[in-house]
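Enquirer: give me a model of this one.
(chains A and B)
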Amino acid sequence: MTTGRTKTGIAELDEMLRGGFLQGDAVMVAGSAGTGKTTLGLQYLVNGITQFGERGVYVTFEQLPTQIYRDAENLGWDLRKLEDQDKFRMVCTSPNLMLETDGEEHVLTEPIREVQPQRLVVDSLSHLEMYVDERQLRKELYRLIMLLKARQLSSLLTWEVSQANDRPISISDVGTTFLVDCVLLLKHVEIESAVRKAMVILKMRGSDHDKRLREFDVTPQGITVAAPFSQYEGILTGTPRRSLTDEAANSWASAFTRKGQKHS
Amino acid sequence: MNAKETVSRLLSSEVKGDLLVLFHQNPGLIDTFEGVALRIGRRADNIENDVKDFLDLGLLRTKRIGGQRVLLLNRTKDKETQELLATHVRDTSTNPARTE
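Expert: Predicted coordinates for the structure are as follows:
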């Protein structure tokens, strides 16, 4: 059986994913504040609508999501227009309501009925931590992810990690990464006294994927992914250093040989 | 109810004004009374009467999500109300006598 791909519409990222996320998968986008999680989530939905005819729902727990509309507009995405066309819904709610699964209706029932989305973004799952204890969190997240899968939604769930702790493994103590199908880590990295951004796919169930760390940036057109950080190593550890390239190694070897000949 | 009466009922208190702006700017807001009140810096009991007025006007509606009663915007009624307000503002600016 072949499974379709849900393209992000960001060509280089889709290439890293070997064509896109697997359809219906739950994807976690983890990263510290300011790494571009929200932008990536919005771009995933807007590209879904404008490039692939897939409608989307964006769930936010922000107190005042007005600025999400504004920030999207600055990137050229008119979310209000897409809402008027019933291709998009911004759901602004409280995390505790998101966890209410008793009764006939879930908080997403009506938006899903109105828009019939194929894609959904929850920004961010970390807010749920405020309402349930650690032991319960994993169970509640599992319930939520299953609810999204039951509706055949390709979901992108953001997860806030502190910059100090965004190690590639063990993003969360409660093992949330185990619950999702794919984990994309966004990270600030300091290279030669400049803060740059890097992304890496840590996990992708049922598919090959690019294992390299790629540089990316948030531009006025949204997220753009650049080449891998081929000249550096140790980036994820927070202490990157230039790796010894073949060219550098050869030139070092020739210099060493010349020096050796001089002394002989 | 005519436009003038609707406008004066919609804007008869500061809380109503805050609620109108909140729901207009965030039409996808679905939250409990406490959650909505918090978003405009109030307490649930402070907004109860004004919310009731909006429910009577049909601008807001409620429903049950699990064990909680939530508030949400009636998008159709919101559009009608916006048109009504726009017409009223246009009429009164071109013909101030009509506000009398």
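
Enquirer: packing partners for the longest helix along chain B?
Expert: Using DSSP state H, we find that the single longest helix of chain B is helix B:75-94. With contacts defined as 3 or more CB pairs under 8 Å, 6 or more residues apart in numbering or on different chains; DSSP states H and E, the packing partners of helix B:75-94 are helix B:3-10, helix B:14-25. Heads up, the C-betas are built off the backbone N, CA and C, glycines and all.

Enquirer: nearest to chain B: which residue in the stretch 1-150 of chain A?
Expert: With CB to the nearest CB as the measure, residue A:100 is the residue of the stretch 1-150 of chain A nearest to chain B, at 2.9 Å.

Enquirer: residue A:59 should be in a strand, yeah?
Expert: Yes - judged by DSSP: H, G, I helix; E, B strand; the rest coil, residue A:59 forms part of a strand.

Enquirer: got the contact list for it?
Expert: By CB atoms under 8 Å, 6 or more residues apart in numbering or on different chains, the contact list for residue A:59 reads A:91, A:93, A:98, A:108, A:120-123.

Enquirer: worst mean pLDDT among the helices and strands packed on helix B:75-94?
Expert: The minimum mean pLDDT among the helices and strands packed on helix B:75-94 belongs to helix B:3-10 (a mean of 82).

Enquirer: so what touches it?
Expert: Residues from elsewhere that reach helix B:3-10 (CB under 8 Å, 6+ apart): B:1, B:16, B:20, B:53, B:57, B:59, B:81, B:84-85, B:87-88, B:91, B:99.

Enquirer: list only buried entries from the residues you listed.
Expert: B:16, B:20, B:53, B:59, B:81, B:84-85, B:88 (16 or more other CB atoms under 10 Å in any protein chain shown).

Enquirer: now the closest residue to the residue of the stretch 1-150 of chain A closest to chain B other than its chain neighbours. Its backbone dihedrals?
Expert: Spatial nearest neighbour of residue A:100, excluding adjacent residues (CB to CB, 6 or more residues apart in numbering or on different chains): residue B:66 at 2.9 Å. In terms of degrees, to the nearest 10, the main-chain angles of residue B:66 are phi 60, psi -130.

Enquirer: tell me how far residue B:66 lies from residue A:30.
Expert: 28 Å (CB to CB, to the nearest Å).

Enquirer: now do the contacts for the residue of chain B found nearest chain A.
Expert: When scored by CB to the nearest CB, chain B has residue B:66 as its residue closest to chain A, at 2.9 Å. Neighbouring residues of residue B:66 by CB under 8 Å, 6+ apart: A:97, A:100-103, A:106.

Enquirer: any stretches of chain B with poor pLDDT?
Expert: B:1, B:96-100 (pLDDT under 70).

Enquirer: ok, for the most centrally placed residue in it, nearest residue in space, not its chain neighbours?
Expert: With distances taken as CA atoms, centre = their mean, residue B:20 lies nearest the centre of chain B, 4.2 Å away. Distance criterion CB to CB, 6+ apart; nearest residue to residue B:20, sequence neighbours excluded, is residue B:10 at 6.4 Å.

Enquirer: could you do residue A:16 as well?
Expert: residue A:210 (3.8 Å).

Enquirer: again, but for residue B:40
Expert: residue B:18 (4.2 Å).

Enquirer: verify the stated contact: the one you found with residue B:36.
Expert: No - counting by CB atoms under 8 Å, residue B:36 is not a contact partner of residue B:18; they are 10.0 Å apart.

Enquirer: neighbour count: those two, which is higher?
Expert: residue B:36 (24 against 18; other CB atoms under 10 Å in any protein chain shown).

Enquirer: now do the phi/psi pair for that one.
Expert: The phi/psi pair for residue B:36 (degrees, to the nearest 10) is phi -70, psi -40.

Enquirer: wait, what's in contact with it?
Expert: Listed by CB under 8 Å, 6+ apart, the contact set of residue B:36 reads B:19, B:22, B:29, B:47, B:51, B:71.

Enquirer: of these, list those near chain A.
Expert: Filtering the contacts of residue B:36 for neighbours of chain A using CB under 8 Å from any CB of the partner chain leaves residue B:29.

Enquirer: most surrounded residue in the contacts of residue B:36?
Expert: These, ranked by neighbours (other CB under 10 Å): first place residue B:19, 26 neighbours.

Enquirer: residue contacts, it?
Expert: B:36, B:40, B:47, B:50-51, B:54, B:60.

Enquirer: can I get the residues you listed in CSV with secondary structure?
Expert: Listed next are the contacts of residue B:19 as CSV, based on three-state DSSP:
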residue, secondary structure
B:36, helix
B:40, coil
B:47, helix
B:50, helix
B:51, helix
B:54, helix
B:60, strand
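
Enquirer: so can I have a markdown table of the residues you listed showing distance to residue A:195?
Expert: Converted to a markdown table, these look like this (distance: CB to CB, whole Å):
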| residue | distance to residue A:195 |
| --- | --- |
| B:36 | 38 |
| B:40 | 36 |
| B:47 | 43 |
| B:50 | 46 |
| B:51 | 45 |
| B:54 | 46 |
| B:60 | 44 |
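
Enquirer: look up phi and psi at the closest residue to residue A:229 other than its chain neighbours.
Expert: Once flanking residues are discounted, residue A:229 sits nearest to residue A:213: 5.1 Å by CB to CB, 6+ apart. Recorded main-chain torsions at residue A:213 are phi -80, psi 130, according to degrees, to the nearest 10.
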